[in-house]
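**Q** give me coordinates for this.
(2 chains)
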Amino acid sequence: MLAEFGTDAQILAGGTDVMLELRKPTARSPKALVDISRIPGLKGVEESGDSIVIRPLTTHTEILRSDVVATYAPLLRAAVSTIGSPQVRNRGTVGGNVMNAAACADTVPPLIALNAEIKLKSSSGERIMALMDFFVKPYVTAARRDEILIEIRFPKLPVNARSSFIRLGRRKALSIARLSVAAILQKDESGVVTDARIVPGAAFPKWQRVPEAERLLIGLKPSRELFAEAGRRVSDVMISFTGRRWSTEYKVPVIAALVRRALEACT
Amino acid sequence: MKRVTIKATINHRKYELEVRPNLTLLDLLREELGLTGTKRGCEIGECGACTVLMNGQAVNSCLVLAPQIDGEEILTVEGLADGHKLHPLQESFLDHDAVHCGFCTPGSLMSAKELLDRNPNPSEEEIRMAISGNLCRCTGYQQIVEAIKETRGK
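**A** Below you'll find the predicted structure:
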């Protein structure tokens, strides 16, 4: 159907984004709404060797209650716990969150920090790509119109890794993230950082890790000053992408503080 | 637009319905079945006034399309009472003055029902989390929280 209707088709999963889009007076009504929500085999979380596989129709509520996610990807659990409301989490899906590609999508920073790969499928075949390479800009991805997401896969976090997700919204429930940070830290026995991953949400034109800040941490012992410096590096990188805007005065100290807090939450 | 036939259980009763494929569950309930207990609020999944249970899970009926309930079980506020006997949650909402203007009440009741079905003894925090998708502009939520607390284990 997707191949037949092309841009006139819209995929529907949990409906928590698409149903809103269709209501807008400016909406370009699709000729076909393709409800994939009951395709068997596209739902659930499972372990696969050293990896975790999340099928796209898994709802946020199911992620929240998954022991596998709680054990091997606790930052993803933290991220879905504040999406929308219970009603939205009961319907909204991880795959929909990724494919809708809103700048504020809460599952994306954790998934990129986890080095997730996605599998896309169309009638002409399948392809796998790194999630980080999937996004072009907000609401635009590398997926073709005839492709659907069928799998999200990432390596389990090592047992000595700590992770966190912090978001800032205007209120606790039913708010979209103004800014967020996903972080993962790994230390050796002496307490020295061996791996650091920092992915801000809603801060950059597209999601990415911040190697300038991550490199700073490697080989050193965590301290408040070190984490604060990493936060400043992230805000420098943000300005290098976005330039100075009306919101910059607010975002610079806030993103720096969120990065510091996210890293502190990993110790 | 070609209508589609769906079969669903709504408030313990089996229905076979012919619906427009772009009809929302909210409109099906209110406009076609006359079940106006479920309220129309924001229609963008933010206020929770249209909350119903779909297979026991709270959902915003404004975000569900009628064809998507084919084969599923829907419970609305009209299905809570047992004949003329109110559901314990409804009794408790009345006892605790949790009903002011009443517009959020059906949705709040359904969110509370999902919580108590899943977890008969929730903490206050869990109660507040469960109703976090139901906006109430009258009570400041305190009476609703008290009402749900009182129903724990009943």
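**Q** got the domain ranges for the chain?
**A** Just going to use chain A. Taking automatic domain parsing as the domain assignment, the ranges for chain A are A:2-155, A:161-264.
**Q** sorry, should have said chain B
**A** Taken from automatic domain parsing, chain B resolves into B:4-79, B:88-151.
**Q** those domains: which one's closest to chain A?
**A** Across those, chain A has its closest neighbour in domain B:88-151 (2.5 Å, Cβ to the nearest Cβ). Any C-beta I mention is one placed from the backbone N, CA and C, and that applies to glycine too.
**Q** the helices in chain B, which residues?
**A** All helices of chain B, identified by DSSP state H, fall at B:25-27, B:88-95, B:105-118, B:124-130, B:142-151.
**Q** picking up where we left off before, output the domains of chain A as JSON lines; include the columns distance to B:L25 and mean pLDDT.
**A** JSON lines is the format used below for these (distance: least, Cβ to Cβ, whole Å; pLDDT from 0 to 100):
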{"stretch": "domain A:2-155", "distance to B:L25": "10", "mean pLDDT": "91"}
{"stretch": "domain A:161-264", "distance to B:L25": "20", "mean pLDDT": "90"}
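**Q** export those as CSV, with columns for mean neighbour count and distance to B:C50.
**A** Below are those laid out as CSV (neighbours: other Cβ atoms under 10 Å in any protein chain shown; distance: least, Cβ to Cβ, whole Å):
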stretch, mean neighbour count, distance to B:C50
domain A:2-155, 19, 9
domain A:161-264, 18, 14
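**Q** tell me which residues touch the residue nearest the centre of chain B, please.
**A** The residue lying closest to the centre of chain B (Cα atoms, centre = their mean) is B:V52, at 3.1 Å. By Cβ atoms under 8 Å, 6 or more residues apart in numbering or on different chains, the contact set of B:V52 is B:L25, B:L29, B:T38, B:A58, B:V59, B:S61, B:I74, B:L75, B:T76, B:V77, B:M110.
**Q** turn those into JSON lines, columns for pLDDT.
**A** Listed next are the contacts of B:V52 as JSON lines, based on pLDDT from 0 to 100:
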{"residue": "B:L25", "pLDDT": "97"}
{"residue": "B:L29", "pLDDT": "98"}
{"residue": "B:T38", "pLDDT": "98"}
{"residue": "B:A58", "pLDDT": "98"}
{"residue": "B:V59", "pLDDT": "97"}
{"residue": "B:S61", "pLDDT": "97"}
{"residue": "B:I74", "pLDDT": "98"}
{"residue": "B:L75", "pLDDT": "98"}
{"residue": "B:T76", "pLDDT": "98"}
{"residue": "B:V77", "pLDDT": "98"}
{"residue": "B:M110", "pLDDT": "98"}
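**Q** among those, which are in strands?
**A** Of the positions in those, B:A58, B:V59, B:I74, B:L75 sit in strands, assigned by DSSP state E.
**Q** chain neighbours aside, what residue packs nearest to the first one?
**A** In space, and not counting its chain neighbours, B:A58 is closest to B:E114: 4.4 Å by Cβ to Cβ, 6 or more residues apart in numbering or on different chains.
**Q** residues near that neighbour, how many?
**A** The number of residues packed near B:E114 is 20, by other Cβ atoms under 10 Å in any protein chain shown.
**Q** could you report the pLDDT at it?
**A** On the pLDDT scale, B:E114 is placed at 97.
**Q** ok, now how distant is it from B:V59?
**A** Here B:E114 is placed at a distance of 9 Å from B:V59 (Cβ to Cβ, to the nearest Å).
**Q** which residues do these two both contact?
**A** Taking Cβ under 8 Å, 6+ apart as the criterion, B:E114 and B:V59 both touch B:L53.
**Q** show me where the stretch 151-267 of chain A has its strands.
**A** Assigned by DSSP state E, counting those that start in this stretch, the strands in the stretch 151-267 of chain A fall at A:161-168, A:179-187, A:193-201.
**Q** in the stretch 1-150 of chain A, which spans are helices?
**A** Ranges of helices in the stretch 1-150 of chain A, per DSSP state H, counting those that start in this stretch, are A:2-5, A:18-23, A:60-64, A:67-72, A:74-80, A:86-91, A:94-100, A:108-113.
**Q** would you tell me whether the third one gets close to chain B?
**A** Yes - for helix A:60-64, a contact with chain B is found by Cβ under 8 Å from any Cβ of the partner chain, at A:T61.
**Q** hang on, the earlier thing: could I get the domains of chain A as JSON lines with distance to B:I131?
**A** Converted to JSON lines, the domains of chain A look like this (distance: least, Cβ to Cβ, whole Å):
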{"stretch": "domain A:2-155", "distance to B:I131": "8"}
{"stretch": "domain A:161-264", "distance to B:I131": "9"}
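**Q** if we can go back for a sec, out of the strands of the stretch 151-267 of chain A, flag the one nearest chain B.
**A** Minimum separation from chain B across the strands of the stretch 151-267 of chain A (Cβ to the nearest Cβ) falls at strand A:161-168, 14.9 Å.
**Q** chain center to that closest one: distance?
**A** Strand A:161-168 has its C-alpha centroid displaced from the chain centroid by 12 Å (Cα atoms, centre = their mean, to the nearest Å).
**Q** any idea of the angle that strand forms with strand A:193-201?
**A** On the basis of axes from the mean of the first three to the mean of the last three Cα atoms, to 10 degrees, strand A:161-168 is oriented at 20 degrees to strand A:193-201.
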